[in-house]
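*Asks:* The sequence and its predicted three-dimensional model are supplied below.
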Amino acid sequence: MWERIVEEAPDFFTYYNMVFLVEALLATFLLSAVGCLFGFCSGFFLAVTRRTDSMILMPLRFLAFIFIEVFRRTPFLVTLMMVFFVFQIAKIDISLFTVALVSVCFIATAFITEIIRGGFESVHQTQWDTAEAMNMTLLQTLRYVIVPQAWKIILPPVFSFFILFIKDTALASQIGVVELTYAGKVLNNKGFSAALVFGSILVLYFALSYPLVRFGIWMEKRLAPTRNR
């Protein structure tokens, strides 16, 4: 095996193959980063909606609950296929990358909504009641009372979810999205050994994830003293 790897290495580590892998690495990162950023924004909105008591917003709260429960309990691959076939049935011509991105946004929104809601719940109810007694609106309560305390609880698990999703986006290769795993399949089909190809893919996943993990650990340490004070 090692002899074959050494023999194939000069042909494998060419300029065009490296560009192909870097572009696939960028696609993997963008799928996770853009999906989780959208998921955080939409998840914040849904979490706030679920905190309201207005009768007018009851249908929206119900729809938010159904959306969250469905996509939190549906595997990413199933969601990916469902979104793919919905666009096919609707005859909407979009790229496979966009299909995968929409799927990631759905999953990220569902999970991050619950993370944010958990952060809101970590702030004692008396603080919500006190802000209401002071005639603060919901937005004022969130801005001045809840979010400054809750974000320290929300941010670490959201960041961990982002790192986890970098690996899960490999399933996008099932519909032909050119991300790292798909790039590995392409190079393997060109005749390069699986050990060389997927060993390189492993290194690239590690190179992408490890700095983010270290940053997450640093962030946890920065936030922990404030939470425990």
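*Replies:* That came through, no problem. Here the structure is a predicted model, which is why all the values come from computation and not from measurement. Numbers count the residues shown, from 1 in each chain.
*Asks:* Would you mind identifying the next helix or strand past the longest helix along the chain?
*Replies:* Using DSSP state H to define each element, the chain has its longest helix at helix 15-51. Next along the chain after helix 15-51, taking DSSP states H and E as the criterion, comes helix 58-72.
*Asks:* what helices or strands is that following helix leaning on?
*Replies:* helix 15-51, helix 96-122 (3 or more Cβ pairs under 8 Å, 6 or more residues apart in numbering; DSSP states H and E). To be clear about C-beta, it is placed using only N, CA and C from the backbone, and glycine gets the same treatment.
*Asks:* Can you say which of those is packed in most?
*Replies:* Highest mean neighbour count of those: helix 96-122, a mean of 21 (counted as mean count of other Cβ atoms under 10 Å).
*Asks:* Could I get the buried residue list for the helix or strand bottoming out on mean pLDDT in the chain?
*Replies:* Every helix and strand in the chain was compared by mean pLDDT, DSSP states H and E; the lowest is helix 2-12, with a mean of 79. Neighbour-count burial for helix 2-12, with 16 or more other Cβ atoms under 10 Å as criterion, is recorded at 8, 12.
*Asks:* which helices and strands sit right next to it?
*Replies:* Here helix 2-12 touches helix 194-228, going by 3+ Cβ pairs under 8 Å, 6+ apart.
*Asks:* Work out the gap between the helix it packs on and the centre of the chain.
*Replies:* Put simply, helix 194-228 sits 14 Å off its chain's centre (Cα atoms, centre = their mean, to the nearest Å).
*Asks:* what mean pLDDT does it have?
*Replies:* Averaged across helix 194-228, pLDDT comes to 81.
*Asks:* Which other helices and strands does it contact?
*Replies:* helix 2-12, helix 15-51, helix 147-168, helix 180-189.
*Asks:* can I get the CA coordinates of the last one in PDB?
*Replies:* Extracted as PDB, the C-alpha positions of helix 180-189 are listed here (Å, rounded to 0.1, in the frame of the first residue of the first chain):
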ATOM      1  CA  LEU A 180     -14.800  17.500   0.200                       C
ATOM      2  CA  THR A 181     -16.200  14.000   0.300                       C
ATOM      3  CA  TYR A 182     -17.500  14.200  -3.300                       C
ATOM      4  CA  ALA A 183     -14.100  15.500  -4.400                       C
ATOM      5  CA  GLY A 184     -12.500  12.500  -2.700                       C
ATOM      6  CA  LYS A 185     -14.900  10.200  -4.700                       C
ATOM      7  CA  VAL A 186     -14.000  11.900  -7.900                       C
ATOM      8  CA  LEU A 187     -10.300  11.500  -7.400                       C
ATOM      9  CA  ASN A 188     -10.700   8.000  -6.300                       C
ATOM     10  CA  ASN A 189     -12.600   7.200  -9.500                       C
END
